[in-house]
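only geometry, no sequence info:
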């Protein structure tokens, strides 16, 4: 189970709604399955692919690791949006995912965040299992 506050969900919503109609994304920082902070980031994909893909640069990962370390937290996952389509992981998402991370996907319809689902890649990388989110 992933625990996340309503305040952080609102911050995710703001970021992905501002990114619409492109995918918005960022990192989840926390400890023991509890998200304590987020790090919204710009989508580094080329312009023509941002509507259905996101990309983090090596510098983005370093920034996230340093921020987590500075807060006494760990990098525990990624959030991103699926504009105008279901918030289930795509094959592209699976290919780039890491086991043991939580992947929160927000469905954004017509510019408005409508719901969130979280997924974890199984260790053999063959599929995702849905993970319950505890909103508080």
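Sure, I can see it. Remember, it's a predicted structure, so these values are computed and weren't measured experimentally.

hey, let's count contacts and neighbours off CA atoms from now on
Fine.

so residue 130 touches residue 118, yeah?
Yes. A contact is recorded between residue 130 and residue 118 when judged using Cα atoms under 8 Å, the distance being 5.9 Å.

between those two, point out the one with more neighbours.
residue 118 (24 against 17; other Cα atoms under 10 Å).

distance of residue 123 relative to residue 95?
Distance, residue 123 to residue 95, using Cα to Cα, to the nearest Å: 13 Å.

residue 12 too?
When Cα to Cα is applied, the distance between residue 12 and residue 95 equals 23 Å.

and residue 41, by the same measure?
Relative to residue 95, residue 41 is positioned 20 Å away (criterion: Cα to Cα).

then residue 15?
Here the criterion is Cα to Cα. By it, residue 15 lies 24 Å from residue 95.

the more surrounded of these two?
With neighbours defined as other Cα under 10 Å, residue 15 and residue 95 compare such that residue 15 has more, 22 against 12.

where's that one, which helix or strand?
Taking DSSP states H and E as the criterion, the element that holds residue 15 is helix 6-19.

what about that helix, average pLDDT?
If you average the pLDDT over helix 6-19, you get 98.

please consider this matter closed, and thank you.
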